[in-house]
Every structure is written in C-alpha cells, then in structure tokens.
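Asks: just a sequence and a predicted model for now, questions to come.
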Amino acid sequence: MSFVDPRNVAFWLYDWLGADALTGHPAYADHSRETFDAILELAEKLAADRFAPHYKKSDRIEPTLENGVVRVLPEIREAIAAYAEAGLFAASFAPEHGGLGLPHVVDAAAMAHFMAANVSTAAFPMLTAGNARVLTKFGSKAQIETFALPEIEGRTMGTMCLSEPQAGSSLADVMTRAVPDGEDELGPRYRLTGNKMWISGGDHDVTPNIIHLVLAKIPDADGKLPPGTGGITLFIVPKVLPDGTRNDVTVAGLNHKMGYRGISNCLLNFGERDGAVGWRLGEAGHGLAIMFHMMNEARIFVGLGAAGLAARGYRHSLDYARDRLQGRPASAKDPAQPQRPIIQHADVKRMLLAQKAFAEGALSLILFCAHLIDREKVAGDEIERARLSNLLGLLTPIAKSWPSEFGLAANDHAIQIHGGYGYTRDFDVEQVYRDNRLNPIHEGTHGIQAMDLLGRKIIRDKGVSLAALGAEIAQTVADASAIPALAGQASRLGEVWQKVDDTVAVLRAVNADPLANASPFLSAFGHLVVGWLWLDQAVIIFNDTASDRAFREGKLRACRYFIEAELPKAIPQLELVASLNDAAATMPEDSF
C-alpha cells in the first residue's frame, strides 16, 4: 500500500511547482521527468516492500543494549541495505561525491514514501544524509573521502550530537571538552570528554561504523571552558577509527520512548578512557554555524516525517471509513435496512476532510521548501538567490513545526474515526499518533521554533523575509481573485495576511517582549502559509479542467475547507499576540 498518493506527488512536482523545468539548468541537465518518475516509483515500491512490513514489529521489539552494543530489529538492517543498494543515500548529492544529483524536491518526494511507511527506519538515512551533507560542504578532501563518501554509499551511518543531560536545547551550556592532540592527514585532532543525550542512531548494528558530529568546547589557556556559545566547535568522531580500532565512545544507556521506537536513542559517553579521538570540522568556534546546516535540513525532514505520518493516518482512516458499517441515515431509521459505511456520516466526512487538508497541506509545504533550495541553486543572479534564501529561512521553522502540530491533529482525527478500535493496538493509528508525538519536540521544540520565527526571522530581520513572503501571497491572492469561485477564499487569505502584518507592526512599535506569545503566533502564521499554499494549488487545478474529476474536486474542497474552517482560527491567536497579553509571562512562580 502507498500511504502517499502518487497522483498528489505528480501534481505537486509538475503541475504546481514545475520541478521538471529544473532539468533546463546545467546542474540538473542529466535528468528528465522520466528519471524523476523512475526514482519515485522505486521509492514507493521499496517503501512498501521493505520498510512498511516491520512497522509494527519495530514498535513492539525495541533496540536492546547487549555487551556495549545496541542491537536493532534485523528487518531494519535489511531495509537500510536495500535502500543503499538502490543508491538512494546518494540521491541528492553531487556526482563528484558519488551522488545522483537529483533536485532536493524530488529527493524529498521520494523520502515521503519512506517516512510514511516506517518513520523510525527512515530516520537512519535521513540523519546520515544530513551528516554527509555537512561533511561535503565544510570538510577537507581527506575528511570527505574518509567519512562522507561511505555515508553517501550507505556503508556507514551518521548522527548529530548536540544536547547534553544538563543542557538540553541550551547549547550555550554544553560541557563536552575537546583538547588538542596534534594533527594528521585528516586535520587538527582532538581528544573529547563529555556526555551527549538524546542521540538518535547513537549506536546500532545496522552498519559497523557510525560517524558522530559532536559539538564541544575547546578550553582556553587556563584549561577553562569559554562561557556561552564562544568556543563551540564541531568535531568528527567516528565509532571506529580509520585504522580499525574502536574509538573511546560508549553507550551509557538507551532511552525508552513513547513511540518512534525502531531507531535507538542513546546517552553516549565520550572519553571514559583516554578521550574520544575527533577531528575538527571547519574553524574553531564556528561549530554552531556549521551545525545549523544539518539542523535546518533535519528540521525540514522532521516536518516531512510528520506530514508522512499524517498521510498514513489519513489513508488508514479513509479505508476504515469506507469499510466500517455502522448506523443509518437520519431519513432511514428502519432497523431492517442495512447499515451504511461510516464515510456517509457527515461528522466522519468532516474529520476526513480535515485530515486531508492537514496532511496534504503539510506535504505541499515541505515540497515547496525543498523546491526553494533547488531554485536558489539555479537562480540567475545574487538578488534572486538572496530573496529565495530569505524566504526559505522564514519558512523553515514553519516547515518543522506546522506539520508536527497539525499532523498530530490529523492523527487524532484518525483515532476518533476508528472509534474504540483506534485506541487499541490492533490498528495502526494509535502507533501513528505515538510516533508523531515526538515531532513537536525533537530538533528544536515548538517553542524554540516560535522564538526563531518571531524573534529572529521577523523582528530582527526588519521585514526583509516577511516582504518576500508578502509578495508571493499577494500574487496568489490576485490570481485567485480573478476566478469567481475562489475570490471569497482569496479575500479571506488577504485579511489574515493583513492581520499578520498589523500584529508585527504592533510588536515592532512597542518596547515589549515579542516572545511572550511566540507559540500562538507560530501556529497562526503556519495556518496563513498553508492557506496560501492551498489557494495557490487551487488556482492551478481549477484551471486544469482536463484532470480527473474526483481528484480535482478533492483538492478544491480541501482548499475551501481549510480557508473557511481552519484559517479563521488564526485571527484570535494573532489578536492575543497583538494585545501584548502577559498573563502567562508575568505569572508568579508560586501562583502556579
């Protein structure tokens, strides 16, 4: 079963985004729509055949720690091996690094199938690709050849090691120490000591080696760690050193999670003996700036995972609602008459349409962001490249958080549609909900993304990125206003955009903490963005009268539902932000 409808993928890639036009640029000239489709078909089949079958089993049989080594379900190893054999680790990497050179938007569309089929198994290649991309961008030739190329081939997995037990998301408080230990052909070498917590894929037996990217501080001349983020540097710390010996990296324990159980989550100790050997990546003190390249990619792919899980829950709900017989129409209460499928009940239709609007809205958001990366790469001048970069930066916290928040809302509907059965382990939807519950937390919580969006991307940005988005929305509103059937929806979207603009103006005008209500602003702003993307797609499909009638009607109804039923919910949230309400922010601690 495909949990992500291939018709949707084709519509998003070609009819809406025009991704096939990328092949006109030298960077993608070796590809065509045919090669894109071949990759997508391969991904759909491999996800169904090798990832989906062990979805429930990997939830039931968690990773175990045996004699210092983490063991995962054998089917996970087999699925990752098949993924590597298909060349999918290399999909979006440049040919000079052994990659296929695919556009990021095609890679993301392919990965959606794996995320929906088995999100925890798909996390292994997702993290590894992000790790390798940082290495290829910032590593030396020797570092790329030694560490990145085996990852791109799928022979080695990768992680990122940021958080620590005492620091969590406060990276300024990391205490892992890196002491210089000479230099060799791989660059400046260090010995690391410290602990890292919440490390997905921190240890396992999927591949013999794991490449850790570790944030640590280099002590000053007095042996003291610099305060704050000063001195934070990124290091390449392999589980197995290039000479084949085991590095001083130890699994101190496994975290037992509510969901997302197939991939191990570890507490790692670096340097229980002589110190873990690591090589500096980039310049000293630039660790956070370098690491954010992986974190931003991971945030978009967290959003993709949430969207994939929303799509999976919707598929289960739709199938169940079509098969489950219960009740009769209000106009036909004769008990002798046969029961009807619950999809004929109005409230079930409402929940299904909400799921469709959330899941497809989330997937289109992620693909739009991935396409921005490609468009930035092929942009003809620096001004356009900067505009696209600013727009992507503005949308990244939305891409991470909105699918995580409302993908979970879609999965809540899935359980409700299944009724009591949805609350049991006999059906997948309870696991889908548990798996998705991680996404508002990891790679930067909802609150952290909200502070990034409002504090850094909007207030501190002085309106540059917001203006770029406003121009895009204005164009969509103008296009939709010219279509009578969409004019009312265009007007509603324009009103919410104006409300956002007014709210930001209030925050800029007063000397108040703009972050006190950043989270409701993030939710409201996300609704604005997804409403815009739905309307933008509606313009395309409304004018495509040759498309499948049911598919076309489904898109137009989902757009109408979202803009008429969901988008208005942004208004009171924005009013709360503009009111400078400080009921929570100024609440005395002893009054809670």
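Replies: Everything's here; your move.

Asks: pull out the buried positions in stretch 248-255.
Replies: By 16 or more other CB atoms under 10 Å, the buried positions in stretch 248-255 come out as 248-251, 254. Bear in mind the C-beta positions are built from the backbone N, C-alpha and C, glycine included.

Asks: contacting residues around stretch 134-143?
Replies: 93-94, 97, 144, 147-148, 151, 185-187, 211, 213, 234, 236, 279, 281-282, 290-291, 293-294 (CB atoms under 8 Å, 6 or more residues apart in numbering).

Asks: same question, stretch 203-212
Replies: Stretch 203-212 has contacts (CB under 8 Å, 6+ apart) with 63, 69-72, 76-77, 80, 124, 131, 135, 147, 150-151, 154-161, 199, 201-202, 236-240, 249, 251, 263-264, 266, 268.

Asks: run the last query once more with 6 Å
Replies: Residues outside stretch 203-212 that contact it (CB atoms under 6 Å, 6 or more residues apart in numbering) are 70-72, 77, 80, 147, 156-159, 161, 237-240, 251, 264, 266.

Asks: so is S404 in a helix, a strand, or just coil?
Replies: Using DSSP: H, G, I helix; E, B strand; the rest coil, the structure places S404 in helix.

Asks: residue contacts, it?
Replies: With contacts taken as CB under 6 Å, 6+ apart, S404 has the following neighbours: 306, 439-440.

Asks: buried subset of the contacts of stretch 203-212 as a ChimeraX selection?
Replies: Here is the ChimeraX selection string for the buried members of the contacts of stretch 203-212, based on 16+ other CB under 10 Å:
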select :70,71,72,77,80,147,156,157,158,159,161,237,238,239,240,251,264,266
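
Asks: of the contacts of stretch 203-212, which belong to helices?
Replies: 77, 80 (DSSP state H).

Asks: other residues contacting stretch 461-474?
Replies: Outside stretch 461-474, the residues that touch it by CB under 6 Å, 6+ apart are 387, 390-391, 394, 457-458, 497, 532.

Asks: centre of the chain to it, how far?
Replies: Shown here is stretch 461-474, whose average C-alpha point lies 23 Å from the average C-alpha point of the whole chain (CA atoms, centre = their mean, to the nearest Å).

Asks: go on, stretch 51-61?
Replies: The chain centre lies 21 Å from the centre of stretch 51-61; the measure is CA atoms, centre = their mean.

Asks: ok, stretch 456-467 next?
Replies: On the basis of CA atoms, centre = their mean, stretch 456-467 sits 22 Å off its chain's mean C-alpha point.

Asks: what residues sit buried inside it?
Replies: In terms of neighbour count (16+ other CB under 10 Å), stretch 456-467 has its buried residues at 457-459, 465-466.

Asks: for stretch 178-189, same thing?
Replies: Counting neighbours by 16+ other CB under 10 Å, the buried set in stretch 178-189 is 178, 181, 186-189.

Asks: before we move on, the earlier item: which ones among the buried residues of stretch 248-255 lie within strands?
Replies: Among the buried residues of stretch 248-255, the members falling in strands (DSSP state E) are 249-251, 254.

Asks: now stretch 533-546: buried residues?
Replies: Judged by neighbour count (16+ other CB under 10 Å), stretch 533-546 contains these buried residues: 533-542.

Asks: any stretches of this structure with poor pLDDT?
Replies: Segments of the chain classed as low confidence (criterion: pLDDT under 70) are 512.

Asks: mind listing the strands for it?
Replies: Counting by DSSP E, the strands of the chain are 64-66, 69-71, 157-161, 177-184, 187-200, 210-217, 232-238, 249-254, 265-270, 276-281.

Asks: figure out which of those is closest to E44.
Replies: Distances from E44 to each of the strands of the chain were compared using CB to CB; the shortest belongs to strand 157-161, at 23.6 Å.

Asks: any chance you could list what contacts that closest one?
Replies: 124, 127-128, 131, 151, 196, 199, 201-202, 206-207, 210-214, 294.

Asks: just how off-centre is it within its chain?
Replies: On the basis of CA atoms, centre = their mean, strand 157-161 is displaced by 16 Å from the centre of the chain it belongs to.

Asks: just checking: what are the partner strands of that strand?
Replies: In the sheet containing strand 157-161, its partner strands are strand 210-217 (parallel), by DSSP bridges.

Asks: mind listing what's buried in the strand it pairs with?
Replies: Applying a neighbour-count criterion of 16+ other CB under 10 Å, the buried positions in strand 210-217 are 210-217.

Asks: the residues you listed: which two are farthest apart?
Replies: Considering CB to CB, no two members of those lie farther apart than I210 and K217, which are separated by 22.5 Å.

Asks: the contacts of stretch 461-474 into TSV, with extra columns for distance to G228?
Replies: As requested, the contacts of stretch 461-474 are exported to TSV (distance: CB to CB, whole Å):
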residue	distance to G228
R387	32
N390	27
L391	30
L394	26
K457	22
I458	24
W497	37
W532	38
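
Asks: if we take those, which one ends up nearest to S547?
Replies: The shortest separation between S547 and any of the contacts of stretch 461-474 is 21.4 Å, and it belongs to W532 (by CB to CB).

Asks: which residue packs closest to that closest one, ignoring adjacent ones?
Replies: On the basis of CB to CB, 6 or more residues apart in numbering, the spatially nearest residue to W532 that is not a chain neighbour turns out to be I473, at 5.0 Å.

Asks: tally of neighbours for that neighbour?
Replies: Burial of I473, expressed as a neighbour count using other CB atoms under 10 Å, amounts to 22.

Asks: ok, now S389?
Replies: For S389, the tally of surrounding residues (other CB under 10 Å) stands at 16.

Asks: how much space between it and V464?
Replies: From S389 over to V464 the distance is 11 Å, taken as CB to CB, to the nearest Å.

Asks: residues contacting P341?
Replies: Taking CB under 6 Å, 6+ apart as the definition, contacts of P341 comprise 322, 325.

Asks: adding distance to A298, write the ones in strands among the buried residues of stretch 248-255 out as a markdown table.
Replies: As requested, these are arranged in a markdown table below (distance: CB to CB, whole Å):
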| residue | distance to A298 |
| --- | --- |
| V249 | 21 |
| T250 | 25 |
| V251 | 22 |
| L254 | 21 |
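
Asks: tell me which two of those residues sit farthest apart.
Replies: V249 and L254 (14.9 Å).

Asks: neighbours around D173, how many?
Replies: When counting by other CB under 10 Å, one arrives at 13 neighbours for D173.

Asks: correct me, but it touches A167?
Replies: Yes. Because the distance of 4.0 Å satisfies CB atoms under 6 Å, D173 is recorded as touching A167.
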